[in-house]
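[1] what's the 3D shape of this:
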Amino acid sequence: MTLRYLALLGSHEQTGITAGYLKAVLAALPADAQVETVFLRDYEIYPDTPDQPCPALDTLEAKLAASDFWIICAPTYWGGLPGVMKQFFDCMRFRLVRMNSVGDTLPGKYQNKHYLSMTTCFISSWDNFFTGITDQTFVTIDRVLTGAGLIKVGEFVGTGTWGTETPRPEKLAECTRWGHKIAHRPRKDDNTLKRYILLFVMIAAMALVTMGLQAWWFGVFTPGKFWLTYVSFVVIFYVLLAGLLHFFTFVRHRRR
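    From the prediction side, this is the model:
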């Protein structure tokens with residue numbers, strides 16, 4: 001089965017470093033794949049009104065619907081998405097999701113499609129690792145697309161773009177690997193069992209650390225210290241598990 005890939009490029013330049021990384025991903029796709037790249041600045045994107053839908057959104061909506069896999073590619077400016085990509089997401093909101101009677105967003109017709117997120121930034125890999133300057137870019141993309149019911153395959157960040165006009169060779173190689181990976185991903189995604197196993201391992205690890213800290217700091221595993229054991233276990237376990245869940249839910253992104 002021939003898959004259709006749609007790449008949305010939300011950069012200021014159509015041939016810049018960000019576009020170079022996107023091109024490397026697309027070049028690694030199978031020869032029989034149907035691939036289309038949309039440079040968002042070529043379209044006059046504005047919100048729909050009750051009297052007049054936006055023609056550009058009609059065109060882009062048709063392209064999104066006809067594609068099996070989306071690649072969202074945009075640089076990180078001021079710690080977030082550039083205006084052209086954010087404008088696209090904002091104006092496409094009511095075409096991406098359904099709204100119920102109380103204003104909750106529900107997945108729409110794009111549910112169960114797949115996507116890859118790509119961004120670039122000026123700072124080095126190590127600076128980005130510690131500051132997470134690209135985190136908000138990925139958070140915004142994920143919030144929009146997972147809200148629409150899409151399934152995330154991964155994310156790529158090209159760091160160190162300041163002072164150069166060419167992509168880094170090691171990052172181009174990473175893009176090539178992503179192209180191969182998204183071309184051979186599983187056709188179905190049922191990660192329920194995987195999530196349960198991961199949750200079990202997380203809890204088991206946190207419980208082990210908690211009990212170890214109790215034994216080391218308080219020496220509480222002796223008769224007559226039940227409440228101290230209980231309270232210290234709850235506090236330590238809560239702090240560790242809350243931090244871990246926050247990391248995996250909100251913080252963990254591709255930074256290097």
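
[2] Where do the helices of the stretch 1-150 of the chain begin and end?
    17-27, 55-66, 83-91, 93-96, 125-131, 135-147 (DSSP state H, counting those that start in this stretch).

[3] So Thr140 sits against Pro82, correct?
    No - between Thr140 and Pro82 there is no contact under C-beta atoms under 8 Å: 11.0 Å. From N, CA and C alone the C-beta is placed, and that goes for glycine too.

[4] Now do the domain split for this protein, please.
    4-183, 192-251 (automatic domain parsing).

[5] okay, Pro30: pLDDT?
    What the model reports as pLDDT for Pro30 is 94.

[6] I'd say it and Ala183 touch.
    Yes - using C-beta under 8 Å, Pro30 is in contact with Ala183, at 5.4 Å.

[7] hmm, back to that, make CSV from the helices of the stretch 1-150 of the chain and add mean neighbour count and mean pLDDT to it.
    Formatted as CSV, these follow (neighbours: other C-beta atoms under 10 Å; pLDDT from 0 to 100):
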stretch, mean neighbour count, mean pLDDT
helix 17-27, 21, 97
helix 55-66, 15, 97
helix 83-91, 18, 97
helix 93-96, 17, 94
helix 125-131, 14, 92
helix 135-147, 19, 95
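
[8] wait, which of those is closest to Thr105?
    helix 135-147 (5.1 Å; C-beta to C-beta).

[9] The following helix or strand past that closest one: partners in the sheet, and parallel or antiparallel?
    Using DSSP states H and E, the helix or strand that follows helix 135-147 in sequence is strand 151-158. Here strand 151-158 has these sheet partners by DSSP bridges: strand 114-120 (parallel).

[10] Need the residues that contact the strand it pairs with.
    Strand 114-120 has contacts (C-beta atoms under 8 Å, 6 or more residues apart in numbering) with 17-18, 21-22, 25, 68-76, 134, 137-138, 141-142, 145, 150-159, 161, 178, 182, 185, 189.

[11] Give me the buried subset of those.
    With neighbours counted by 16 or more other C-beta atoms under 10 Å, the contacts of strand 114-120 contain buried members at 17-18, 21-22, 25, 68-76, 134, 137-138, 141-142, 145, 150-151, 153, 155-159, 161, 178, 182.

[12] Disregarding residues adjacent in the polypeptide, which is nearest to Gln14?
    Using C-beta to C-beta, 6 or more residues apart in numbering and skipping residues adjacent in sequence, the residue nearest Gln14 is Phe39, 5.0 Å away.

[13] ok, the spatially closest residue to Leu96 that is not a sequence neighbour - contacts?
    Counting by C-beta to C-beta, 6+ apart, Leu96 lies nearest to Ala148, which is 4.2 Å off, once chain neighbours are set aside. Counting by C-beta under 8 Å, 6+ apart, Ala148 touches Leu96, Val97, Pro107, Gly108, Tyr110, Gln111.

[14] where does Ala148 land on pLDDT?
    At Ala148, pLDDT is 95.

[15] Quick check on the contacts of Ala148: which are buried?
    Leu96, Val97, Tyr110.

[16] partner residues bridging the second one?
    Spelled out, that is Val97. Pro107.

[17] Gln214 versus that one, what's the distance?
    Relative to Gln214, Val97 is positioned 46 Å away (C-beta to C-beta, to the nearest Å).

[18] ok so, going back, possible to save the helices of the stretch 1-150 of the chain as CSV with distance to Ile45?
    Putting these into CSV (distance: least, C-beta to C-beta, whole Å) gives the following:
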stretch, distance to Ile45
helix 17-27, 19
helix 55-66, 5
helix 83-91, 5
helix 93-96, 12
helix 125-131, 29
helix 135-147, 15
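
[19] Minimum distance to Leu208: which of the ones you listed has it?
    Across the helices of the stretch 1-150 of the chain (criterion: C-beta to C-beta), the nearest stretch is helix 125-131, sitting at 27.4 Å.

[20] Any chance you could list what contacts the closest one?
    When contacts are defined by C-beta under 8 Å, 6+ apart, helix 125-131 is touched by residues Cys121, Ile123, Ile133, Thr134, Val157, Thr159, Gly160, Arg255, Arg256.
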